[in-house]
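Student: build me a structure from this.
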Amino acid sequence: MTLTTLYKHNRSFFIGFFLFVLASFFILIFFTKANGFYFLNPYHSHFTDFIFIYFTYLGDGFFCIGIGLLFFLFKKRFTALMIWSSYAISGIIAQVLKYYILEARPAVFLKNSSYQYFIDEVTLHNFHAFPSGHSASAFALAAVLSFGAKNKNYSILFLTAAILVGYSRIYLAQHFIDDVLAGALIGFLSAIFCWKFLQKFFKQLLRKS
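Tutor: Next up is the predicted model:
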């Protein structure tokens, strides 16, 4: 499948993702790292703490693998292979970058600031913030599900869920907006790579089996 065809069939997802990237760049350009973090964290409550503590798990690797397994068990094996491969590619890229880039997380970067919304129930890590692995996984999964959905109205739902996972990483003080944006781009591009270069291979493999 060509990129043009993929775009035409998934126009709403591509446009929505572009708007998300545009908004993220706006924050990166017009705010400092710390001020951008404060701007995105104006309000915390026990309810939103509870919501985002659990919502962030939608970007966890076990969740992505589990969703792929569900598709596999329900005879949607092509989609399962796409989910697993895009997760693997995005995860490898994210972890390699994390290994070589020693970027401080908010707990370290803001340790001498007046920020008061660190959550007791959340384990705060110190370094290897860039990029956000949860965001990479969430956007890879959202893109694959959107590309494979017959009803493209679900695309906005999948994209919104991925964006909320990315935001949860900022809300929980695990990442900054640049970490989330990088993870989102990695996940999105990994899904496109799989759809463009692995689609025929997986279909042939499933026909033989």
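Student: go ahead and flag the most central residue of this structure.
Tutor: When CA atoms, centre = their mean is applied to the chain, the residue found nearest the centroid is residue 135 (2.4 Å).
Student: residue contacts, it?
Tutor: 59, 162, 165-166, 169, 175, 179-184, 187 (CB atoms under 8 Å, 6 or more residues apart in numbering). (Each C-beta comes from the backbone N, C-alpha and C, glycine too.)
Student: buried sites along the helix ranked longest in the chain?
Tutor: Criterion DSSP state H: the longest helix present in the chain is helix 77-100. For helix 77-100, a neighbour-count test (16 or more other CB atoms under 10 Å) marks 77-91, 93-94, 97-98 as buried.
Student: list of residues touching that helix?
Tutor: Residues contacting helix 77-100 (CB under 8 Å, 6+ apart): 61, 64-65, 67-69, 71-72, 128-133, 136-137, 139-141, 143-145, 147-148, 182-183, 186-187, 190-191, 193-195, 198-199, 202-203, 205-206.
Student: distance check, the nearest residue to residue 196 once chain neighbours are set aside against residue 8.
Tutor: Closest residue to residue 196 apart from its sequence neighbours, by CB to CB, 6 or more residues apart in numbering: residue 1 at 6.0 Å. Computed as CB to CB, to the nearest Å, the residue 1 to residue 8 distance reads 10 Å.
Student: what's the answer for residue 77, then?
Tutor: 26 Å.
Student: on that earlier part again, which of the contacts of helix 77-100 are buried?
Tutor: So, by 16+ other CB under 10 Å, the buried ones in the contacts of helix 77-100 are 64-65, 67-68, 71-72, 128-133, 136-137, 139-141, 143-145, 147-148, 182-183, 186-187, 190-191, 194-195, 198-199, 202.
Student: now do the contacts for residue 202.
Tutor: Per CB under 8 Å, 6+ apart, neighbours of residue 202: 78, 81-82, 85.
Student: now swap in residue 162 and tell me
Tutor: Applying CB under 8 Å, 6+ apart, one finds that residue 162 lies in contact with 59, 135, 138-139, 141-142, 184, 187.
Student: so residue 104 is in which element?
Tutor: Using DSSP states H and E, residue 104 is not contained in any helix or strand.
Student: one more: the one 10 residues further on?
Tutor: Assessed by DSSP H and E, residue 114 sits outside every helix and strand.
Student: likewise for residue 160?
Tutor: Assessed by DSSP H and E, residue 160 sits inside helix 154-171.
Student: that helix: which residues count as buried?
Tutor: Neighbour-count burial for helix 154-171 [16+ other CB under 10 Å]: 154-155, 158-159, 161-171.
Student: equivalent analysis for stretch 110-123, please.
Tutor: For stretch 110-123, by 16+ other CB under 10 Å, it's 110, 115, 119, 122.
Student: understood, closing this out.
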